[in-house]
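> Sequence first, predicted coordinates after that:
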Amino acid sequence: MSKQLIPNRTNNRLGLIVGVLLLIFHILNPQVQADTLSKQHINDMLAQVNKIKSSNKTAAANIIALLQQQEKLTTLQQEELTYQHAYNLYLHGDRNQSVKLHQQLQSSTNIDNRIRANSTLLNLYLVERNYPLAAPLIDGLLEDIEKTKHFERKNSAYRVIAYYYNELDAFDLAIVFLNLIDPTHSSTRAQCYNKSFRVPSLLGLYGYSARKDIIDEAIAFCESVNENISAKLDKVLIAEYHLKAQRFLQAKQLLLDNLSAVEAINYPNLSFRMYTYLAKANYPLGEYTKAKLYAEKALQVPLQLKVTRATSDLYKVLSDLALKENNEQKALEYLTIYQQKLKANIYIDQQKDIAREQIKHTAYSKSRYKDKLANELNDSMTKNSQASKISNLYAENFAYNRMVFVIQIGIICLLGASLLYLRHLQLRSKDKSNYDPLTTLLNRIGFIDSAVSTVSLQRSNKAELAVLVVNIDNFRTFNQTIGTAQGDNLLIELSQLLSSFVDGSHHIGRTGADEFTLVFPNKNSATLKPVARAIQSQIASLSSRLNHSLKLANNPVTVSMAFSDSNLSDYSLKYFFTDTSKALMKVKALGGDHICCFDKTMAERNNYKVDENELKYIYE
């Protein structure tokens, strides 16, 4: 979430009182009516609008309306008024007109005004997750930043660019731009933002434990200067990080410690995330009543942004809670909404992927930034002992050996860049090899790697775990009858449908030509069975739609499903695979289109004993 658009709730009350008095004075005093305001009066009023623009948007709007009656404004005054008007319109909900006014300022001849307009537009687009419109603004900002001497504008631009890269998970680039900020020309509020913007970057690159001191210091500083929204946002971000790592107790405790403070702030988006994450943390801990309480509180929060990652999380928890209460109709309603939110999030992720491809034409492709980053690299190299020894060695005869020195530094930089690039290619190649190109799900190798970690984590936490295998009945016949193109489309649609039932893409994989495997942490056979029924119901709807479009009356799409849990399969992935295979064979023997839970009478374990470390190779 952007901290640029967070309302400033910590402005000095005296400033607010002065602003209101100034407005009344200008309205009532006949000597300063609309056509007689002096240049100094106008400048004072513009400065006051800027001071109270977030804390009292109504008073700011009244002063803006008075200033709009002036006919003899200078160009700078008119542009300042346009900016304040655009900002005020956005706070009042008129997003389209606000964007139009900011776009007018993009053509300003004043560099500082252009920087502010582009920075604000970039911020607005990021808040709305409009990455295709955000990306082109980076070039204009980078070009103007080099020309301005206005440190506040420059720092603000670097900060919003860092926010852009944080949104794209390009955390290393975000830190590069945060490092370019000059802290000596920053207000305490800006210093809080500078520190706070590092939190998602550090969490993404290193995790909380590795950078705990820096992250906690950033939060403490923001609290010390009464920037409580920024501080609480960062704490909620840490809780989100714990939830992703399935550290539910840590997430719950951190959220509860800050709940009363967040409710006192009364900032809707923050409250919504707080309640949603509390529901998400309580559910796997078996605190279903508390999970439902916080989920219902989250539903009551008025949101400006209807599609966020937290909204889909909320409806997933609500669906699971309804299943716990055996209210399958309500569970399906919530699940339908969850799938809609998930599709929107998938679209946003696709836009992020496009934006990531555009990164190459910004910072690293511009010569001025190459020089700046190269200088930073050289500075860091001279600080280590090896570079220091080299520098001392050549210092004695620097006049004679400067060319050799430059060449060696160049070789070191080239080797470093080459190693980084090769590592990037290696990771990228490994990442691609773990995914099925058709459905984009994990393939068999990638799924087993992920599932081994999940099983180990659940075993160490003494938490339940269930595995569900979904196999398409008569898929070969479907391909031969309808065609492989429609078969591929069926696999894609089925993969998207099944993905909506799991928490994260690492819990589902295409483990066979016509088979998918799903992992459900914190579920057992009893709680998984309603989920399997819901899947069966949705596949029936999918089959009905395909019957209508492809005329499959004699060849409906059905699936066979088999599942087991950690109580039956002993927290062992090898047993999960062999046990669900036996259960699946039983379903196939019955003609398919059934759901079967494994029981220990189905197979002799000794026939399937293998070394745990050899599992992935067996299933390859």
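Okay, I see it.
> how about the helices in the stretch 151-300 of the chain?
Assigned by DSSP state H, counting those that start in this stretch, the stretch 151-300 of the chain shows helices spanning 151-167, 171-179, 188-196, 198-205, 212-224, 228-244, 248-265, 268-282, 288-299.
> which stretches of the stretch 351-500 of the chain have low pLDDT?
Along the stretch 351-500 of the chain, segments meeting pLDDT under 70 span 354-406, 408, 417-418, 421-432.
> Quick check: Asn130 vs Gln40, distance?
40 Å (CB to CB, to the nearest Å). Quick note: C-beta positions are derived from backbone N, CA and C, even for glycine.
> picking up where we left off before, of the helices of the stretch 151-300 of the chain, which stretch is the most buried?
The highest mean neighbour count among these, using mean count of other CB atoms under 10 Å, belongs to helix 268-282: a mean of 24.
> show me where the stretch 301-450 of the chain has helices.
309-324, 328-358, 367-383, 385-395, 398-433, 444-460.
> Now do the same for Ala532: its pLDDT.
Per-residue pLDDT puts Ala532 at 93.
> who's in contact with it?
Ala532 makes contact with Leu468, Met561, Phe563, Ile595 under the criterion CB atoms under 8 Å, 6 or more residues apart in numbering.
> got those residues as JSON lines, with secondary structure and neighbour count columns?
Supplementary listing: the contacts of Ala532 in JSON lines, determined by DSSP: H, G, I helix; E, B strand; the rest coil; neighbours: other CB atoms under 10 Å:
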{"residue": "Leu468", "secondary structure": "strand", "neighbour count": "27"}
{"residue": "Met561", "secondary structure": "strand", "neighbour count": "28"}
{"residue": "Phe563", "secondary structure": "strand", "neighbour count": "29"}
{"residue": "Ile595", "secondary structure": "strand", "neighbour count": "19"}
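> Nearest to Leu178 among those residues?
Leu468 (43.7 Å; CB to CB).
> what sits opposite the closest one in the beta ladder?
Leu518, Phe563 (DSSP bridges).
> Would you mind confirming that it makes contact with Ser560?
No - under the criterion of CB atoms under 8 Å, Leu468 is not in contact with Ser560, lying 11.3 Å apart.
> Find the nearest non-adjacent residue to the residue positioned nearest the centre of the chain, please.
Centroid-nearest residue in the chain: Glu167, 6.1 Å away (criterion: CA atoms, centre = their mean). Nearest residue to Glu167 in three dimensions, chain neighbours excluded: Leu126, at 5.6 Å (CB to CB, 6 or more residues apart in numbering).
> For that neighbour, give its distance to Gly140.
When Leu126 is compared with Gly140 (using CB to CB), they lie 15 Å apart.
> what sits against the residue nearest to the centre of the chain?
If you count contacts by CB under 8 Å, 6+ apart, then Glu167 has Leu126, Tyr131, Lys352 around it.
> could you dump those residues to CSV with distance to His102 and neighbour count?
Output for the contacts of Glu167, formatted as CSV (distance: CB to CB, whole Å; neighbours: other CB atoms under 10 Å):
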residue, distance to His102, neighbour count
Leu126, 14, 23
Tyr131, 18, 22
Lys352, 23, 16
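> I'd like to know which of these is nearest to His507.
Lys352 (20.9 Å).
> What's the separation between the residue nearest to the centre of the chain and Tyr131?
For Glu167, the distance to Tyr131 - CB to CB - is 7 Å.
> Spit out the residues that contact these two alike.
Lys352.
> returning to what we had before: for the residue nearest to the centre of the chain, give its distance to Pro200.
9 Å.
> domain ranges for this structure?
Per automatic domain parsing, the domain ranges recorded for the chain read 206-326, 384-433, 444-619.
> is it possible to export the ones you listed to CSV including distance to Tyr83?
Formatted as CSV, the domains of the chain follow (distance: least, CB to CB, whole Å):
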stretch, distance to Tyr83
domain 206-326, 21
domain 384-433, 40
domain 444-619, 42
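> so where is the stretch 201-350 of the chain shaky, pLDDT-wise?
304-308.
> how does it look with 90?
Flagging of the stretch 201-350 of the chain using pLDDT under 90 yields the residue ranges 204-211, 227-229, 244-246, 265-270, 301-316, 319-320, 322-350.
> what do you get for the stretch 501-620 of the chain?
Low-confidence segments of the stretch 501-620 of the chain (pLDDT under 90): 503-507, 513, 540-557, 566-578, 589-592, 599-620.
> quick one, strands of it?
Counting by DSSP state E, counting those that start in this stretch, the stretch 501-620 of the chain has strands at residues 508-512, 515-521, 559-565, 595-597.
> Sheet partners, orientation included, of the shortest one?
If you go by DSSP bridges, strand 595-597 pairs up with strand 559-565 (parallel).
> Buried ones in the strand it pairs with, by neighbour count?
Residues Val559, Ser560, Met561, Ala562, Phe563, Ser564, Asp565 are the ones in strand 559-565 that count as buried (16 or more other CB atoms under 10 Å).
> wait, which of the residues you listed is closest to Ala344?
Among the buried residues of strand 559-565, and counting by CB to CB, the member closest to Ala344 is Val559, at 26.6 Å.
> Would you mind putting the strands of the stretch 501-620 of the chain into a markdown table with distance to Leu323 alongside?
What follows is the strands of the stretch 501-620 of the chain, written out as a markdown table (distance: least, CB to CB, whole Å):
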| stretch | distance to Leu323 |
| --- | --- |
| strand 508-512 | 18 |
| strand 515-521 | 11 |
| strand 559-565 | 15 |
| strand 595-597 | 15 |
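> Quick one: closest of the ones you listed to Thr481.
Across the strands of the stretch 501-620 of the chain, closest to Thr481 is strand 559-565 (CB to CB), at 17.1 Å.
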